[in-house]
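# Fold the following and give me the result.
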Amino acid sequence: MQIRRIEKVHAIPGTLTLVVQWQDGVEDAVDMTSIIQRSAPLRHLEAPDLFSDVEVIDWGCAIGWRGDLGYGADTLHEQIHQQHMKAAG
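A predicted model of the protein is given here:
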């Protein structure tokens, strides 16, 4: 199984969408709205100014926000895959 690592991450201003650059150079966008709305620990990230304070943590194995909140790279990759499948129809 391939270990997915994140090189860079940033939020698109005014949204709950992240742009993730993986270590292999591939870049993906992921809308985190539904994840945040379904997760009590992440709910306060509905404020775009807090959401935009995202960073790569754990040597690229996750992203995180203030308050010790994290989201794993593999889970993030799966979310991106699911969103691509929905968009494809």
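
# C-alpha from now on. contacts and neighbour counts both.
Fine.

# shaky segments in the protein?
1 (pLDDT under 70).

# Helices of that one, start to end?
Taking DSSP state H as the criterion, the chain carries its helices at 33-38, 48-51, 73-88.

# Which of those sits closest to P13?
helix 48-51 (7.3 Å; C-alpha to C-alpha).

# List the buried residues in that closest one.
P48, F51 (16 or more other C-alpha atoms under 10 Å).

# which residues are contacting it?
A11, P13, G14, T15, L16, H44, L45, W65 (C-alpha atoms under 8 Å, 6 or more residues apart in numbering).

# Looking at the helices of the chain, which one is packed in the most?
Of all the helices of the chain, helix 48-51 carries the top mean neighbour count, a mean of 17, counting by mean count of other C-alpha atoms under 10 Å.

# Kindly format the C-alpha coordinates of that one as PDB.
Provided in PDB are the C-alpha atoms of helix 48-51 (Å, rounded to 0.1, in the frame of the first residue of the first chain):
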ATOM      1  CA  PRO A  48     -13.600  30.600   6.800                       C
ATOM      2  CA  ASP A  49     -11.000  32.600   8.700                       C
ATOM      3  CA  LEU A  50     -10.400  29.700  11.100                       C
ATOM      4  CA  PHE A  51     -10.600  27.100   8.300                       C
END
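
# Tell me how far it lies from the chain's centre.
13 Å (C-alpha atoms, centre = their mean, to the nearest Å).
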